[in-house]
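Enquirer: give me a 3D structure for the following:
(chains A and B)
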Protein chains: 2
Amino acid sequence: MSPEPAIDILGIGNAIVDVLAHTDDGALADLGLHKGTMSLIDGDRVPAIYASMAPGVECSGGSAANTVAGAALLGARTAFIGKVKDDTLGHIFRHDIRSAGVAFDTPPAADGSATACCLVMVTPDAHRTMATHLGACVELGPEAVDPDLVRAAAVTYVEGYLWDPPRARDAVRLAVRTAREAGRRVALSLSDPFCVDRHRDELRELVERDVDLLFANEEEIVSLFCARDFDDALQHVHGAVEVAALTRSEKGSVVVNGGEVHVIDAEPVARVVDTTGAGDLYAAGFLAAWVRGADLGTCARAGGVCAAEVITHLGARPEGDLRALVAARVGEGVLAGAR
Amino acid sequence: MSPEPAIDILGIGNAIVDVLAHTDDGALADLGLHKGTMSLIDGDRVPAIYASMAPGVECSGGSAANTVAGAALLGARTAFIGKVKDDTLGHIFRHDIRSAGVAFDTPPAADGSATACCLVMVTPDAHRTMATHLGACVELGPEAVDPDLVRAAAVTYVEGYLWDPPRARDAVRLAVRTAREAGRRVALSLSDPFCVDRHRDELRELVERDVDLLFANEEEIVSLFCARDFDDALQHVHGAVEVAALTRSEKGSVVVNGGEVHVIDAEPVARVVDTTGAGDLYAAGFLAAWVRGADLGTCARAGGVCAAEVITHLGARPEGDLRALVAARVGEGVLAGAR
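Expert: Below you'll find the predicted structure:
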């Protein structure tokens, strides 16, 4: 039996700075981007897409990074593994995640590609469409994974996007094996339906063999199991994974735990500005409550509160006081014992 | 008599990228920063202040740059002169101002200091406190001013902050002389009460001799004339400048034109998030209407609408559709004839 975990959540993910701007459907079509999804782009496509974008805002991003930053702001003890370059965007990424309270010590790449950027285009319906240049993320490999850090974490949380760069999946495999051998938990976010499509077999094998807690939205879970629809996907979820937290946008979320199913309404939001980070912050709230031993319905409600905050403004990192929001909407006790 | 101006507004200012984060009064006191004002900091102080800040958002800034970007979004034909370095923040600045529709062709500095950054700390009362490292702005001098561009502009608009770097005032002098010789108008924003304090004599001489349209808030105009209070300052304004547009936060604005005084209420705002850029966007709306020949009361209302937009979110550049807002709140005709 391993000792008490010294940290709650270790996130592993692509370390990315987002550039967010408003756009319209016509501009997305002109760029050949598939609305609502993430496309990988080469570095030489970045200037043309960026030049076509409206004035923007820069904000740290990355799916798992958004989640651990959010969880840290909720009082969870968190760490992150991801690769930036030693450049301006890399410094911004490091500042933002550390100042949220996350331990982040992966050495930056001294040369090679620049820190990853994600061009996020937000349409008037508040949906986001992303074009990501992975940049320095291609340098992430198992050498960045400190086994002691994994053993120290109650949960190791990884994103499906890690199957895109060439060696990051090897980092995931090492971390997952280490976590399981130490009796720790493994959580996975499926990231994006097209990402699932690109790496379905490997993601499904991971889910069925190693994942204790799975996060996915409707399209992703349908894609993972090649299901007909969400209800069909739910049938596959039973037995495939211990706990699945499935987000459904304005329909809230569904948490499946064996035969047990919790349906949780979405939090009301006055005006949705930008859905970037909604799934990531749902996972943040869910995990921060889960590591405190909250029941699954409460975890889902905490997740919903955090998702609701992040969609009221541009960017995937919270601007409001998440902890006060969760305390007010879900209850003071949810995060009890957190720092 | 010069030919019809080919552009409406030429802005000259410090070219800055803002880093915005929430903070509290205690943290400002610990840093020795004077709340609500702009402090100049050396490059070697940036890392310590940045490290103390919460997770941030990066957004192009610079007072005059914010104004011309806003005016361009309102349909005015605009250009900007300011100095960035050829680095990541410089590219962001150039992208944002050009994509707003502003002609920006000042060559970036190839070496020397990095592009200027302004660390903007926003307290829960939505007030912003700024620490600016001028960086590459110290390279701005008269050689950056194209006299043909000045002659082509109906209004040359400059910021008081240009008296801080060593040679930018020489650029202002050349531009002002050129504009006046061509029969064009000159507008000035006083920027900041401490900036006025640092350069009072020169700013006052410029106001009394060359400025057709002056923008200032209460503290700045009181500082300029060493007045007892706002009413006292108003007495000095008569006779000193043709038109003065004086902003008073939630009390709206006062426009003085000789003996004529217009008092304009502030636009209602549901929730003030961050006052960064309020004065700059007031000037944007005012100028965009002014160059279309609107009366002064209408100009002030257009300014108020733009200021109200920018204070509802983090950052000094508009996120909403400014032109639609002005059309809805002030009237379709205000920007008639604009592109």
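Enquirer: what degree of burial does A:D265 show, as a neighbour count?
Expert: A total of 12 residues lie near A:D265 under the criterion other Cβ atoms under 10 Å in any protein chain shown. Placement of C-beta: from N, CA and C, glycine included.
Enquirer: so what's it up against?
Expert: A:D265 is in contact with A:G252, A:G304, counting by Cβ atoms under 8 Å, 6 or more residues apart in numbering or on different chains.
Enquirer: for the one 5 residues further on, same thing?
Expert: With contacts defined as Cβ under 8 Å, 6+ apart, the neighbours of A:A270 are A:T312.
Enquirer: ditto for A:L140
Expert: Contacts for A:L140 (Cβ under 8 Å, 6+ apart) come out as A:N14, A:I81, A:G82, A:K83, A:T106, A:L162, A:P165, A:R167, A:A168, A:A171.
Enquirer: how does it look with 10 Å?
Expert: By Cβ atoms under 10 Å, 6 or more residues apart in numbering or on different chains, A:L140 lies in contact with A:12-15, A:81-84, A:106, A:109, A:134, A:162, A:165-172.
Enquirer: quick one: it and A:D164, what's the gap?
Expert: For A:L140, the distance to A:D164 (Cβ to Cβ, to the nearest Å) stands at 11 Å.
Enquirer: what ranges do the strands span in the stretch 201-339 of chain A?
Expert: Counting by DSSP state E, counting those that start in this stretch, the stretch 201-339 of chain A has strands at residues A:213-217, A:243-247, A:253-257, A:260-264.
Enquirer: for the residue of the stretch 151-300 of chain A found nearest chain B, the count of nearby residues, please.
Expert: Across the stretch 151-300 of chain A, no residue is closer to chain B than A:V273, which sits at 8.1 Å (Cβ to the nearest Cβ). The criterion is other Cβ under 10 Å. On that basis, A:V273 has 19 neighbouring residues.
Enquirer: if we can go back for a sec, hey, what's in contact with both of A:L140 and A:D164?
Expert: With Cβ under 10 Å, 6+ apart applied, the overlap between the contact sets of A:L140 and A:D164 consists of A:N14, A:L134.
Enquirer: the residue of the stretch 151-300 of chain A closest to chain B contacts A:E309, doesn't it?
Expert: No: counting by Cβ atoms under 10 Å, no contact exists between A:V273 and A:E309, whose distance comes to 11.2 Å.
Enquirer: and A:M53, how close does it get to B:R271?
Expert: According to Cβ to Cβ, A:M53 and B:R271 sit 27 Å apart.
Enquirer: higher neighbour count, those two?
Expert: Using other Cβ under 10 Å as the criterion, A:M53 and B:R271 rank with A:M53 on top: 21 against 9.
Enquirer: quick one: contacts for that one?
Expert: When contacts are counted by Cβ under 10 Å, 6+ apart, A:M53 touches A:19-23, A:27, A:31, A:119-121, A:131, B:95-96, B:99.
Enquirer: those residues, buried ones only, as a ChimeraX selection?
Expert: Selecting in ChimeraX just the buried members of these, where the criterion is 16 or more other Cβ atoms under 10 Å in any protein chain shown, is done with this command:
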select /A:19,20,21,22,23,27,31,119,120,121,131 /B:95,96,99
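Enquirer: so of the contacts of A:M53, which ones are in strands?
Expert: Judged by DSSP state E, strands contain the following of the contacts of A:M53: A:V19, A:L20, A:A21, A:H22, A:L119, A:V120, A:M121, A:A131.
Enquirer: report pLDDT for the first one.
Expert: Listed pLDDT for A:V19 reads 98.
Enquirer: same question, A:S2
Expert: Among the per-residue scores, A:S2 shows a pLDDT of 71.
Enquirer: ditto for A:A338
Expert: Looking at A:A338, its pLDDT stands at 61.
Enquirer: let's see stretch A:143-153 as PDB, backbone CA atoms only.
Expert: As requested, C-alpha coordinates have been extracted for stretch A:143-153 and formatted as PDB (Å, rounded to 0.1, in the frame of the first residue of the first chain):
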ATOM      1  CA  GLU A 143      11.800  11.300 -19.800                       C
ATOM      2  CA  ALA A 144       9.500  14.200 -18.600                       C
ATOM      3  CA  VAL A 145       7.600  11.800 -16.300                       C
ATOM      4  CA  ASP A 146       8.900  11.700 -12.800                       C
ATOM      5  CA  PRO A 147       7.600   8.300 -11.400                       C
ATOM      6  CA  ASP A 148       7.800   9.700  -7.800                       C
ATOM      7  CA  LEU A 149       5.500  12.500  -8.800                       C
ATOM      8  CA  VAL A 150       3.000  10.000 -10.300                       C
ATOM      9  CA  ARG A 151       3.200   7.900  -7.200                       C
ATOM     10  CA  ALA A 152       2.600  11.000  -5.000                       C
ATOM     11  CA  ALA A 153      -0.700  11.900  -6.900                       C
END
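Enquirer: how about the residues of the stretch 51-200 of chain A near chain B?
Expert: Near chain B, the residues belonging to the stretch 51-200 of chain A are A:51-60, A:69, A:72-73, A:87-92, A:95-102, A:114-115, A:117, A:122, A:124 when assessed by Cβ under 10 Å from any Cβ of the partner chain.
Enquirer: output the below-cut-off pLDDT ranges for the stretch 151-300 of chain A.
Expert: Low-confidence regions of the stretch 151-300 of chain A, defined by pLDDT under 70, are absent; no residue qualifies.
Enquirer: enumerate the positions of stretch A:179-199 that are buried.
Expert: Of the residues in stretch A:179-199, those buried (16+ other Cβ under 10 Å) are A:179-180, A:182, A:184-196, A:199.
Enquirer: ignore the last one, stretch A:106-118
Expert: Applying a neighbour-count criterion of 16+ other Cβ under 10 Å, the buried positions in stretch A:106-118 are A:T106, A:P108, A:A109, A:S113, A:A114, A:T115, A:A116, A:C117, A:C118.
Enquirer: kindly report the same for stretch A:46-61.
Expert: For stretch A:46-61, a neighbour-count test (16+ other Cβ under 10 Å) marks A:V46, A:I49, A:Y50, A:M53, A:A54, A:P55, A:G56, A:V57, A:E58, A:C59, A:S60, A:G61 as buried.
Enquirer: kindly indicate which of those lies nearest B:D321.
Expert: Of all these, B:D321 sits closest to A:A54, with 10.8 Å by Cβ to Cβ.
Enquirer: now that closest one. Nearest residue, chain neighbours left out?
Expert: A:A21 (4.4 Å; Cβ to Cβ, 6 or more residues apart in numbering or on different chains).
Enquirer: go on, A:R228?
Expert: Here the nearest residue to A:R228 in space, its sequence neighbours aside, is A:V222; by Cβ to Cβ, 6+ apart that works out to 7.9 Å.
Enquirer: isn't the one you found up against A:R200?
Expert: No: using Cβ under 10 Å, A:V222 is not in contact with A:R200; the gap is 11.5 Å.
Enquirer: and these two? which has more neighbours close in?
Expert: For A:V222 against A:R200, the residue with the higher neighbour count under other Cβ under 10 Å is A:V222, and the figures read 21 against 15.
Enquirer: gap between that one and A:L214?
Expert: The value you get for A:V222 to A:L214, if Cβ to Cβ is used, is 14 Å.
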